[in-house]
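Asks: Whatever this is, show me its structure:
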Amino acid sequence: MKRFLALIAAGIMVCGACLVVSAAPGDSVSGNSISGNSAGGGSEYDAGSEAYALEIQAAGVSAQVFTAALEEGKTIGEYINNSVVEVPGLDSVTPVGQGGKVILDGQTSNVSFSVQKPLPAHVSSARAQAAALGGKVLNVANIQANVSFGTASVNFYMPGVTTGQNIQVYRYANGQWVSVNVSEVRDDHVVVDMTSLGVLAFIQIQ
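Replies: Take a look at the predicted model:
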């Protein structure tokens, strides 16, 4: 956990330097080239160009990390920490990342669940769901993993959450939000029993 917090701090420092690699409106990513200002604010340039190399150098990370973060639409900090901290469409976001080992069908595993950015449509739909419940969306994330399971108990690290806070979790399925069992809410953690992968909305009930 200390390592995770240290990485969060490093991510914040990168964000503070205004180095965001997620695509901005009007930007596009195709093949090995980047256009717009998602990484450097300049004209389109090839991934192997000097300009691209300078952007990577300024970021202080490897080319692999820089490119992977760009492809996932994440800041470098989000990519390194396997987290979602910024969500377009939400004014206030409680960061979410994997906060402990995943328990698959009752057995502790070393599997990592990837915490990815949601689509804008999912965010809008989650806000409508929260409004119907009289609550507020804390975060929306697309959870993926290369593993099959019946039930996965996933410990999500959500700094700022407090013990006993009324947080409900929903998974987007076939155009509807389906309730997911929340087995525990404690300081900075929300433990969820997932039966399927997909987009989760974390909603605080007022």
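
Asks: Can you report how many residues neighbour Phe113?
Replies: Other residues lying near Phe113 total 21 when counted by other C-beta atoms under 10 Å. Glycine gets a C-beta too; all of them are placed from N, C-alpha and C.

Asks: how close does it sit to Ser196?
Replies: 12 Å (C-beta to C-beta, to the nearest Å).

Asks: for the residue positioned nearest the centre of the chain, what are its contacts?
Replies: Central residue check for the chain by C-alpha atoms, centre = their mean: the C-alpha nearest the mean position is that of Val84, 2.4 Å away. Taking C-beta atoms under 8 Å, 6 or more residues apart in numbering, we find Val84 in contact with 74, 78, 93, 95-97, 115-118, 139-141.

Asks: In helices, which of the residues you listed appear?
Replies: Glu78 (DSSP state H).

Asks: could the contacts of Val84 be laid out in a markdown table, adding distance to Gln57?
Replies: Converted to a markdown table, the contacts of Val84 look like this (distance: C-beta to C-beta, whole Å):
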| residue | distance to Gln57 |
| --- | --- |
| Lys74 | 19 |
| Glu78 | 20 |
| Val93 | 29 |
| Pro95 | 27 |
| Val96 | 30 |
| Gly97 | 27 |
| Val115 | 28 |
| Gln116 | 27 |
| Lys117 | 25 |
| Pro118 | 31 |
| Asn139 | 32 |
| Val140 | 33 |
| Ala141 | 30 |
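
Asks: Closest one of the contacts of Val84 to Glu184?
Replies: Val96 (15.1 Å; C-beta to C-beta).

Asks: Okay, and the beta partners of the closest one?
Replies: Val84 (DSSP bridges).

Asks: Is Phe202 within a helix or a strand, and which one?
Replies: For Phe202, the host element (DSSP states H and E) is strand 198-205.

Asks: Show me which residues of that strand are buried.
Replies: Val199, Leu200, Ala201, Phe202, Ile203, Gln204 (16 or more other C-beta atoms under 10 Å).

Asks: Count the residues that sit near Ala132.
Replies: Counted with other C-beta under 10 Å, Ala132 comes out at 10.

Asks: tell me the SS of it?
Replies: Under the three-state scheme (DSSP: H, G, I helix; E, B strand; the rest coil), Ala132 adopts helix.

Asks: One more: Phe149?
Replies: coil.

Asks: same thing with Ala126?
Replies: Classified using three-state DSSP, Ala126 is helix.

Asks: ok, it touching Lys136?
Replies: No - shown here, Ala126 and Lys136 do not form a contact pair, counting by C-beta atoms under 8 Å, at 10.4 Å.

Asks: which residues are in contact with both of the two?
Replies: Ile203.

Asks: who has more neighbours, those two?
Replies: Counted by other C-beta under 10 Å, Ala126 and Lys136 do not tie: Ala126 has more neighbours, with 26 against 16.
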